[in-house]
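Enquirer: after the sequence you'll find the predicted model.
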Amino acid sequence: MPLNCSSLGARVPHILGQSRIIKPQFLRPTHLRSCFIFLPSLRVSPQSNSLHIVSQSEESYPYSTMENQKSLALSPSEPEKYSRELDVAVRAVQMACSLCQKVQDNLISKTNNQIHSQDGNSAVTVADWSVQAIVSWVLSESFGSKNVSIVAEDDVQSLSKADSAGLLELVVKTVNDCLYEAPRFGLEGPETPLLSSDVLEAISRCNSTGGPTGRFWALDPINGTLGFVQGDQYAVALALIEDGEVVLGVLGCPNYPMKKEWLSYHHRYHRIISQLTPTTSESWDKGCVIYARRGSGEAWMQPLHKKNNMLIWPNSAIRAQVSSIDNPALATFCVEKSNSTSSHSFTAGLAHSFGLRKQPLRVHSMVKYAAIAREDADIFMKFVRTGYKEKIWDHAAGVVIIQEAGGVVTDAGGSPLDFSKGIYLEGLDRGIIASAGPKLHEKIIGDIDASWNSSCL
């Protein structure tokens, strides 16, 4: 589990060769195995993919120097694979969520809580493009632009057209306003504001088509457009896929509270409480970021970064685990509020056949994956309508998070989802089933098979 080694953060003479106090504003966090250690600066060389520590005096030390300082780590082994990528991804999603909150709050305040579709669509468009640019820029600065390939829905060509000049200008401003606050998230911002060409170049890296080999990121900047427009639930989803396997996932859920008891309140009440509660208060955390790395057997959740504070890793992270329920009748179903791509009739009929005793949890977007991973719900089912293909960015991050939290995600036939076929989940058997554990999952799959032939799907 993460250990915030703040006692080690003030003095790091063994690593830096200096017995001096490092000022807090210069501390940059990284982690070694489960122990988080604060360093002045951390850089990855794009050419060699090696990691270097850079002190205030600009002296470089190879990463092996830190590896040899076993006294500062809980484990003498090398840092876990993808730890650096996960660290950067979480910070990028935290920053993207902050951007989305500002756009959404501005939209709601302007419309006095009565959002018109045109206003909402415009806000979603700005947030969509801006998040793509932010995440692409951060990943490229961290790992080198030649090493970053991103699968995303929107094509930069539509933003490059002459009649989109006004939209591009607004996106550039939104991006620069966000990057100005990058140091709060433990990230380095640009030395000068990005130009339109810089923003377009960042977005242009979101043109990967995926596939079975190599490494690429899957990004959904605004998952749950309707939820975003209504001031309700939506998610920022980022996953890293390598050789067709999802190796890490991050879900930013700006309106999904850390505490389960707040879920029973309407989202507009959440908004009122968040405005009345001091930003320093721990009694109310409006949103959360949940993340996991394949093979770790752990999923973690941290509150959305508060305004005017520095993000100190691991940012009060707590363990996220699925429930132990294995009886469908006792399970809480996670139901999508509105989705034209799935068959609700079969899902509702199947849920009724279980003899459910609990009210379902109704949410928009990939927040449903977070709900199961953190024990707020136990089952989610989506049966795809004929002719529709599920896209990898709608599921990649959520799948690995549930799996590492102890849950199971497969298609309706019980087969793992295949992220190696490009931008679509090809070969999907009827739909997607996510549940809180193997026993529960096995029962659900069996009931689906028994009910399928008699359905009117």
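Expert: Here it is on my side, so go on.

Enquirer: doesn't Phe216 belong to a strand?
Expert: Yes. The assignment for Phe216 by DSSP: H, G, I helix; E, B strand; the rest coil puts it in a strand.

Enquirer: which ones are touching it?
Expert: By Cβ atoms under 8 Å, 6 or more residues apart in numbering, the contact list for Phe216 reads Ser149, Ile150, Val151, Ser208, Gly210, Leu240, Ile241. Bear in mind the C-beta positions are built from the backbone N, C-alpha and C, glycine included.

Enquirer: and the third one, what does it touch?
Expert: Yep, that's Val151 we're talking about. Cys206, Ser208, Thr209, Gly210, Phe216, Trp217, Ala218, Leu219, Ile241, Ile392, Trp393, Ile423.

Enquirer: could you do the second one as well?
Expert: In this structure, Ile150 makes contact with Gln132, Val135, Ser136, Leu139, Arg205, Cys206, Asn207, Ser208, Phe216, Trp217, Ala218, Leu219, judged by Cβ under 8 Å, 6+ apart.

Enquirer: any regions of the stretch 151-300 of the chain where pLDDT drops low?
Expert: 262-285 (pLDDT under 70).

Enquirer: all helices of it, in order?
Expert: 157-160, 165-179, 196-204, 225-229, 267-276 (DSSP state H, counting those that start in this stretch).

Enquirer: so which of those helices is the most packed in?
Expert: helix 225-229 (a mean of 21; mean count of other Cβ atoms under 10 Å).

Enquirer: who does that helix touch, helix- and strand-wise?
Expert: Judged by 3 or more Cβ pairs under 8 Å, 6 or more residues apart in numbering; DSSP states H and E, the packing partners of helix 225-229 are helix 83-111, helix 117-143.

Enquirer: okay, it in PDB with CA atoms only?
Expert: Extracted in PDB, the C-alpha atoms of helix 225-229 (Å, rounded to 0.1, in the frame of the first residue of the first chain):
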ATOM      1  CA  THR A 225     -21.600  14.000 -22.400                       C
ATOM      2  CA  LEU A 226     -25.100  14.200 -21.100                       C
ATOM      3  CA  GLY A 227     -23.900  14.000 -17.500                       C
ATOM      4  CA  PHE A 228     -21.500  16.800 -18.200                       C
ATOM      5  CA  VAL A 229     -24.100  19.100 -19.800                       C
END
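
Enquirer: how close does Ile150 sit to Cys97?
Expert: Going from Ile150 to Cys97 by Cβ to Cβ, to the nearest Å gives 18 Å.

Enquirer: same thing with Leu417?
Expert: Distance of Leu417 to Cys97, computed by Cβ to Cβ: 25 Å.

Enquirer: who's more crowded, those two?
Expert: Cys97 (25 against 19; other Cβ atoms under 10 Å).

Enquirer: re the thing from before, which of the contacts of Ile150 are buried, as a PyMOL select command?
Expert: This is the PyMOL syntax for the buried subset of the contacts of Ile150, where burial follows 16 or more other Cβ atoms under 10 Å:
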select buried, resi 132+135+136+139+205+206+208+216+217+218+219
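
Enquirer: excluding chain neighbours, what is closest to Ala329?
Expert: Gly355 (4.7 Å; Cβ to Cβ, 6 or more residues apart in numbering).

Enquirer: sec struct for that neighbour, please.
Expert: Criterion first, three-state DSSP; result for Gly355: coil.

Enquirer: cool, Lys382 as well?
Expert: Assignment for Lys382 (three-state DSSP): strand.

Enquirer: burial count for it?
Expert: Using other Cβ under 10 Å, Lys382 has 22 neighbouring residues.

Enquirer: how far away is it from Arg430?
Expert: 10 Å.

Enquirer: for Asp376, which non-adjacent residue is spatially closest?
Expert: In space, Asp376 is closest to Lys260, 5.6 Å off (Cβ to Cβ, 6+ apart).

Enquirer: that neighbour is in contact with Ala377, isn't it?
Expert: No. Here Lys260 lies out of contact with Ala377, judged by Cβ atoms under 8 Å, at a distance of 10.3 Å.

Enquirer: and those two? Which one has more around it.
Expert: Ranked by neighbour count (other Cβ under 10 Å), Lys260 and Ala377 place Ala377 first, with 29 against 11.

Enquirer: ok so the more buried one is a strand residue?
Expert: No. Counting by three-state DSSP, Ala377 is not found in a strand; it is coil.

Enquirer: show me the contacts for the residue nearest to it when sequence neighbours are not counted.
Expert: In space, Ala377 comes closest to Cys334 once its chain neighbours are excluded; the distance is 3.8 Å by Cβ to Cβ, 6+ apart. Cys334 sits next to Pro360, Leu361, Val363, Lys368, Ala371, Ile372, Asp376, Ala377, Asp378, Ile379, Phe380 when contact means Cβ under 8 Å, 6+ apart.

Enquirer: how about residues contacting stretch 153-166?
Expert: Contact partners of stretch 153-166, identified using Cβ under 8 Å, 6+ apart, comprise 128-129, 132, 167-168, 171, 200, 203-204, 206-207, 220-221, 391, 393.

Enquirer: just the CA trace of it, in CSV.
Expert: Extracted as CSV, the C-alpha positions of stretch 153-166 are listed here (Å, rounded to 0.1, in the frame of the first residue of the first chain):
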residue,chain,number,x,y,z
GLU,A,153,-12.4,10.0,-30.7
ASP,A,154,-11.9,13.5,-32.1
ASP,A,155,-9.8,14.3,-35.1
VAL,A,156,-7.8,17.5,-35.2
GLN,A,157,-8.9,18.2,-38.7
SER,A,158,-12.3,19.6,-37.7
LEU,A,159,-10.6,22.0,-35.3
SER,A,160,-8.1,23.2,-37.9
LYS,A,161,-10.8,24.5,-40.3
ALA,A,162,-11.1,28.2,-41.0
ASP,A,163,-14.7,28.3,-39.6
SER,A,164,-13.4,26.9,-36.3
ALA,A,165,-11.1,29.8,-35.6
GLY,A,166,-13.2,31.1,-32.8
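
Enquirer: secondary structure element holding Phe419?
Expert: Secondary structure from DSSP states H and E places Phe419 outside every helix and strand.

Enquirer: count of neighbours near it?
Expert: By other Cβ under 10 Å, neighbour count at Phe419 equals 29.

Enquirer: surely it meets Val247?
Expert: No. If you go by Cβ under 8 Å, Phe419 and Val247 don't touch, sitting 10.3 Å apart.
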